[in-house]
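Participant: My questions are about this predicted structure, shown below with the sequence.
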Amino acid sequence: MFSRILIANRGEIALRILRACKDLGIETVAVYSEADRDSLHLRYADETVCIGPAPSTESYLNIPALIAAAEIADVEAIHPGYGFLSENEHFAEVCQSCNIKFIGPSPSAIAQCGDKVAAKRLAKEAGVPTVPGSDGPIDNEQEALAIARKIGFPVLIKAAAGGGGRGMRVAHNEPSLVTGFHSARAEAEKAFKDSTVYLEKYIEKPRHVEIQILGDTHGNIVHLGERDCSLQRRHQKLLEESPCPVLDDKTRAAMGEAAVRLARAANYYSAGTVEFLLDKDRNYYFIEINSRIQVEHPVTEEVTDTDLIREMIRVAAGERLSFRQEDIKIRGHAMEFRINAEDPDHNFKPSPGTIHTFVAPAGPGVRWDSHVYQGYTVPPHYDSMVGKLIIHRHTRKQVIEVARRALQELTVEGIKTTAGLFLRILEHSDFASGEVDTGFIDRYFAPR
Ligand code: MV4
């Protein structure tokens, strides 16, 4: 096992990784930008290294600065967390060539997951259901029109390098497909320096259901059930839960097995997520695979009684997964509420600043993953998440009851947060009955 790890991230995930290291008896090296000098995880780290000024391009995305810090602090491995360099194939490769273990999948698996056309092709080959559409990239409008005529409207144009909904266009007819094809390409070129697009049947009002997978370097791959992440606003997840309220055991098992088949085809190890869309008739279709630990991983940890960060570290050190598929049992229900420093009453405008009063929620079934404390100043330079409230109880109904109480206990004064919005969502009858899709928030809580 490693004796010293560098954490190449900030905020709550840096603290989460640090805690996993401490529990494993591993020394930690924390890096920080000039804007993060007061970050909580720095106080617990064995060593801290400033890697640059506030802008992430000069600090958390600065590969030479991170590698220099890793070499000076003499670490054996780097955990990238989520965001920043976590899905950067080049960074994983540089780590490898510097004899530092990258705590994540192989560079080639990262590359294959990052190219959505390649990932979809692999899924198809592995017998995983995919959305009907083009068999690869679309090069011109004639090709787009021919496929749309075959599969029928509405269709969706997607960027092969896509993410966060960028380079995506819905088309309900031929003229809008022609316009959408060109504007999606232009947007993809601008955002990703890659104009490759492909086409799919547009699934209306889908649910977003993703399967957590975990593999080791000995060929063991398991799935840890699903998370329903349908509650989103403009491609930002607000709330995630497990199990999915509308999934039956048979479909769950089939989706899990499909995810494992895909992971096997990609020679995948470490933690990953296979994303599916679930349509009105509960058909599932693979859409993407994420080659990182995700923000919402605690929901899975709670219902499966596992520590995913610990498993990632063990796997990177060459150890075997500490459990088999038959050991994984889904126990009860869990929900995660992302508490952001944003004003939900003013179009979710970011609300950085100093938290002058802070009280964390607690009690049975309550987990609070956060790097903030009373007196902490939320810097304006990064994403606005200040904490994740995770509730785990026997039933979904009990989770909602405890969540209501915990959200009321949570006191964050001095900045605006999204906590109050969740109290309103929890009151909604469609949410209580589990009847939500990816359009729920825009329809009821944040119309444009
Ligand atoms: C789709 C879709 C409908 N049909 N694909 C959005 C971002 C990317 N991860 C995939 N996305 C979608 N792909 C087909 N064929 C609808 C979405 C989508 C969505 C998906 C999951 C969660 C929220 C969403 C919000 C809008 C659109």
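Facilitator: Cool, the structure landed. Numbering: from 1, shown residues only.
Participant: which SS state does the most centrally placed residue in the chain fall under?
Facilitator: For the chain, the residue sitting closest to the mean C-alpha position, by C-alpha atoms, centre = their mean, is residue 294 at 3.3 Å. With DSSP: H, G, I helix; E, B strand; the rest coil as the basis, residue 294 sits in coil.
Participant: separation between the residue of the chain most remote from its centre and the ligand?
Facilitator: When each C-alpha in the chain is compared with the mean C-alpha position (C-alpha atoms, centre = their mean), residue 142 comes out farthest, at 35.5 Å. Distance check for residue 142 against the ligand: by C-beta to the nearest ligand atom, to the nearest Å, it reads 21 Å. Backbone N, C-alpha and C define where each C-beta goes, glycine included.
Participant: Next, the contact list for the residue nearest to the centre of the chain, please.
Facilitator: 82, 210, 273 (C-beta atoms under 8 Å, 6 or more residues apart in numbering).
Participant: quick one: it and residue 238, what's the gap?
Facilitator: 14 Å (C-beta to C-beta, to the nearest Å).
Participant: do the same with residue 285
Facilitator: Computed with C-beta to C-beta, the distance linking residue 285 and residue 238 is 23 Å.
Participant: Just the helices from the stretch 301-448 of the chain, written as ranges.
Facilitator: Secondary structure of the stretch 301-448 of the chain, counting by DSSP state H, counting those that start in this stretch: helices at 308-316, 396-409, 419-427, 429-432, 440-444.
Participant: out of those, which comes closest to the ligand?
Facilitator: Of all those, it is helix 440-444 that lies closest to the ligand, at 8.8 Å by C-beta to the nearest ligand atom.
Participant: Now do that closest one: everything it contacts.
Facilitator: Looking at helix 440-444 with C-beta under 8 Å, 6+ apart, the contacting residues turn out to be 230-234, 238, 425, 428, 430-431, 448.
Participant: So which of the residues you listed are in strands?
Facilitator: In strands, judged by DSSP state E, the following of these are found: 230-233, 238.
Participant: Farthest pair within the residues you listed?
Facilitator: Considering C-beta to C-beta, no two members of those lie farther apart than 230 and 233, which are separated by 11.3 Å.
Participant: Count the residues that sit near residue 54.
Facilitator: Around residue 54 sit 15 other residues, with neighbours defined as other C-beta atoms under 10 Å.
Participant: Count the neighbours of residue 343 for me.
Facilitator: When neighbours are counted by other C-beta under 10 Å, residue 343 registers 16.
Participant: Please report the distance of it from residue 151.
Facilitator: Distance from residue 343 to residue 151, by C-beta to C-beta: 42 Å.
Participant: repeat for residue 206
Facilitator: Residue 206 sits 16 Å away from residue 151 when distances are taken as C-beta to C-beta.
Participant: Neighbour count: these two, which is higher?
Facilitator: Summary of the neighbour comparison: residue 206 and residue 151, criterion other C-beta under 10 Å, with residue 206 having more neighbours (21 against 16).
Participant: Contacts only, for that one.
Facilitator: 230, 277-279, 437-438.
Participant: Throw these into TSV and include pLDDT, neighbour count and distance to residue 327, thanks.
Facilitator: What follows is those, written out as TSV (pLDDT from 0 to 100; neighbours: other C-beta atoms under 10 Å; distance: C-beta to C-beta, whole Å):
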residue	pLDDT	neighbour count	distance to residue 327
230	95	27	29
277	97	20	29
278	97	23	26
279	96	16	32
437	86	20	33
438	85	19	33
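Participant: Which members of those occur in strands, if any?
Facilitator: Counting by DSSP E, these place 230, 277-278 in strands.
Participant: What are the phi and psi values at the residue of the stretch 301-448 of the chain at minimum distance from the ligand?
Facilitator: Checking the stretch 301-448 of the chain residue by residue against the ligand with C-beta to the nearest ligand atom singles out residue 438 as nearest, at 3.5 Å. The phi and psi values for residue 438, taken as degrees, to the nearest 10, are phi -70, psi -10.
Participant: wait, doesn't it sit right on residue 205?
Facilitator: Yes: counting by C-beta atoms under 8 Å, a contact exists between residue 438 and residue 205, whose distance comes to 7.2 Å.
Participant: What helices and strands are in contact with the longest helix along the chain?
Facilitator: When every helix of the chain is counted residue by residue (DSSP state H), the longest turns out to be helix 174-192. Counting contacts by 3 or more C-beta pairs under 8 Å, 6 or more residues apart in numbering; DSSP states H and E, helix 174-192 is packed against helix 141-151, strand 155-159, strand 169-171, strand 197-201.
Participant: The closest residue to residue 285 other than its chain neighbours: neighbour count?
Facilitator: Setting aside the residues directly before and after it, residue 285 is nearest to residue 131 in space (C-beta to C-beta, 6 or more residues apart in numbering), at 4.5 Å. Using other C-beta under 10 Å, the number of residues around residue 131 comes to 22.
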